[in-house]
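1. Sequence and predicted model, in that order:
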Amino acid sequence: MKKPSKKRYQLFATCFDKKNNVIGQGVNDYKRSHPLMKKFAIEAGESEEKVFMHAELAAVLSAGRKKIHKILVQRFDSNGDPVLAKPCPTCQKMLKAFDVKVVQYTTENGIATEFY
């Protein structure tokens with residue numbers, strides 16, 4: 001008998017520079033890990049087992065050395081409607097460390113914006 005799997009969601013993150021140009025994109029990956037996830041998980045007081053690549057870190061890494069001004073994190077349900085994609089405490093810690101100023105994410109009511 002197959003074990004029921006934990007429901008997982010696909011999140012998409014896009015990084016923008018100050019002129020609103022796309023400079024990095026990423027998706028979460030439950031098979032790929034990264035040492036920065038563990039580092040920021042520990043700093044955020046979360047489990048050091050939290051090592052799998054979140055969309056936010058994947059997008060930040062894909063931006064390379066470019067200065068990130070804003071990140072947009074998105075998640076949609078099976079009908080294509082937006083649902084909550086607020087960055088977790090680990091990703092919030094990481095985004096602050098990379099000096100991201102504006103964090104936007106989908107909610108059931110549209111896009112929310114936070115300023116770091």
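-> It's in.
2. Please count neighbours and contacts with C-alpha atoms only from this point.
-> OK.
3. Ranking helices and strands of the chain by mean pLDDT, which lands last?
-> strand 29-33 (a mean of 93; mean pLDDT, DSSP states H and E).
4. Can you name the residues in contact with the helix or strand following that strand?
-> Where DSSP states H and E defines the elements, the next helix or strand beyond strand 29-33 is helix 35-43. Helix 35-43 is contacted from outside by 47-54, 57, 89-91, 93-94, using C-alpha atoms under 8 Å, 6 or more residues apart in numbering.
5. Can you read off the pLDDT for K50?
-> Among the per-residue scores, K50 shows a pLDDT of 89.
6. Please name the residues that touch it.
-> K50 makes contacts with 37-38, 41, as judged by C-alpha under 8 Å, 6+ apart.
7. out of these, which is most surrounded?
-> With neighbours defined as other C-alpha atoms under 10 Å, the most crowded of the contacts of K50 is A41; it has 23 neighbours.
8. Among the contacts of helix 35-43, which ones are in strands?
-> With DSSP state E as the criterion, strands contain 52-53 from among those.
9. Select only the buried ones of the contacts of helix 35-43 in ChimeraX?
-> Buried members of the contacts of helix 35-43 can be picked out in ChimeraX with the line below, counting by 16 or more other C-alpha atoms under 10 Å:
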select :50,51,52,53,54,57,90,91,93,94
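10. closest to Q74 among the contacts of helix 35-43?
-> Sorting these by distance to Q74 puts H54 at the head of the list, at 12.0 Å, by C-alpha to C-alpha.
11. Leaving out the residues flanking it, which one is nearest to that closest one?
-> Distance criterion C-alpha to C-alpha, 6 or more residues apart in numbering; nearest residue to H54, sequence neighbours excluded, is N28 at 4.3 Å.
12. Next: T14.
-> In space, T14 comes closest to Q25 once its chain neighbours are excluded; the distance is 4.4 Å by C-alpha to C-alpha, 6+ apart.
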